[in-house]
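Undergrad: no FASTA, just this:
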Ligand SMILES: Cc1ncc(COP(=O)(O)O)c(C=O)c1O
């Protein structure tokens, strides 16, 4: 997080709530992540973490773009990602979006079922292109505890168990699409290097089993990611340095034995640290049970990534005062937003500094799954400003907008 005076000056200039993104920090996180990944591995930036084109643009030359909607595809193109470096992923792709992605000539698709491969093949044949496809697989082997996607085996991708019937289960689509490999993504926010290594080993082994059994070429394994970073709380990720050697060995073996490229994906690790939410305190109130409420002008409409989606931020959110010199923690409080719903809570029972109406505060580490994962339309409040900056100063400021088009 950049110095408090600078963030406060942005709030004075642009108003609050405000997201400030430090592009130098994005560069540092990229360098850090690259230093533990094999030099030959390709890294994709997952725009779902933050689709703001300025962030993608800061990563563009070094990363591909992993997108999973027409909006993210447009953001990737606006950010300047090379079309061939775009990977289109995600469940439930519609015909219309597949057509748009084909027309944009994205480099690869990750398909979540044979039905989807068939749909893509049909649309591709009609437009005279032969897209490159990874088959997303949900491994049979249990990953380390706590990985959400793996708990729903077969919801994301094809369940490995249903794929091991043999080559006869593989539809003959080779003329229409080029099957190049396997995609495995087991979950976000994997806790540390050891859990990540275990996750990748499961993914590599499943990819090899599936490819071997189905007679699929294995030119690419997209091993996914899950590289962790704290959310809305100060601090940094645990060191991931212990991953470097095992990943180098795994990738070397795959490339020497099978000529297979390895890809990784990351959203959170690349962008979380770069983003800070600046908000203003509207009220500080005492409830009849003695509970203190700090009411901010930013609620789950501005920072809904966890709170608004049923996972309350308990005990962990960092509320950092700007301008006024920190006077120590005043005590426990619920940090709430301006929406008229009891669900508009950013944090319950957290230690907050001395705050009064008008105080400016900052919440760090919200560059990923911040604004983009929020309930922005609820209660029709103005959207936060998003400011991108480097050490040299402010580069640009944006305000997302929502419009209602009359369509009939
Ligand atoms: C397929 C896929 N790739 C990449 C990501 C990004 O994960 P993270 O932001 O933890 O790096 C996700 C997140 O859900 C995902 O579903």
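TA: Structure's in. What do you need? All values reported here derive from a predicted model rather than from experimental measurement. Residues are numbered from 1 along each chain as shown.

Undergrad: my guess is residue 118 contacts residue 171. True?
TA: Yes - the pair residue 118 / residue 171 is scored as a contact, 6.3 Å apart, by Cβ atoms under 8 Å. C-beta: built from backbone N, CA, C; applies to glycine.

Undergrad: look at these two and report which has more neighbours.
TA: residue 118 (15 against 12; other Cβ atoms under 10 Å).

Undergrad: where does that one sit: helix, strand or coil?
TA: Following DSSP: H, G, I helix; E, B strand; the rest coil, we place residue 118 in the helix state.

Undergrad: would you map the strands across the stretch 151-300 of the chain?
TA: 158-159, 178-183, 220-222, 261-266, 275-286, 292-296 (DSSP state E, counting those that start in this stretch).

Undergrad: can you give me the buried ones in the second one?
TA: For strand 178-183, burial by neighbour count (16 or more other Cβ atoms under 10 Å) applies to 179-183.

Undergrad: and the strands of the stretch 151-300 of the chain as a markdown table, adding mean pLDDT?
TA: What follows is the strands of the stretch 151-300 of the chain, written out as a markdown table (pLDDT from 0 to 100):
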| stretch | mean pLDDT |
| --- | --- |
| strand 158-159 | 91 |
| strand 178-183 | 96 |
| strand 220-222 | 98 |
| strand 261-266 | 98 |
| strand 275-286 | 97 |
| strand 292-296 | 96 |
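
Undergrad: how about these in TSV, adding distance to residue 233?
TA: Shown next, in TSV, are the strands of the stretch 151-300 of the chain (distance: least, Cβ to Cβ, whole Å):
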stretch	distance to residue 233
strand 158-159	35
strand 178-183	31
strand 220-222	30
strand 261-266	19
strand 275-286	12
strand 292-296	16
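
Undergrad: what number of residues are in the vicinity of residue 71?
TA: 13.

Undergrad: so it makes contact with residue 51?
TA: Yes - judged on Cβ under 8 Å, residue 71 makes contact with residue 51 at a distance of 6.9 Å.

Undergrad: which single residue in the stretch 201-350 of the chain comes nearest to the ligand?
TA: residue 267 (3.0 Å; Cβ to the nearest ligand atom).

Undergrad: in contact with that residue, which residues?
TA: 45-50, 66, 188, 225, 368-369 (Cβ atoms under 8 Å, 6 or more residues apart in numbering).

Undergrad: in space, what's closest to residue 203 - neighbours in sequence excluded?
TA: residue 184 (3.6 Å; Cβ to Cβ, 6 or more residues apart in numbering).

Undergrad: please disregard the earlier target; I meant residue 333.
TA: residue 292 is the one closest to residue 333 (Cβ to Cβ, 6+ apart), at 4.0 Å.

Undergrad: so the one you found touches residue 332, yeah?
TA: Yes - counting by Cβ under 8 Å, residue 332 is a contact partner of residue 292 at 7.0 Å.

Undergrad: higher neighbour count, those two?
TA: residue 292 (17 against 14).

Undergrad: could I get the contacting residues of the more buried one?
TA: By Cβ under 8 Å, 6+ apart, the neighbours of residue 292 are 284-286, 331-334.

Undergrad: helix, strand, or coil at whatever residue of the stretch 301-408 of the chain ends up closest to the ligand?
TA: With Cβ to the nearest ligand atom, the shortest gap between the stretch 301-408 of the chain and the ligand falls at residue 368, namely 5.7 Å. Classification of residue 368 by three-state DSSP places it in coil.

Undergrad: who's in contact with it?
TA: Contacts of residue 368 by Cβ under 8 Å, 6+ apart are 49-50, 229, 231, 267-268, 270-272, 275.

Undergrad: tabulate the residues you listed (CSV), appending distance to residue 134.
TA: Conversion of the contacts of residue 368 to CSV gives the following (distance: Cβ to Cβ, whole Å):
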residue, distance to residue 134
49, 20
50, 23
229, 26
231, 28
267, 18
268, 21
270, 21
271, 24
272, 26
275, 30
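
Undergrad: dump the buried residues of strand 178-183 to CSV, plus distance to the ligand.
TA: Shown next, in CSV, are the buried residues of strand 178-183 (distance: Cβ to the nearest ligand atom, whole Å):
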residue, distance to the ligand
179, 18
180, 17
181, 15
182, 13
183, 7
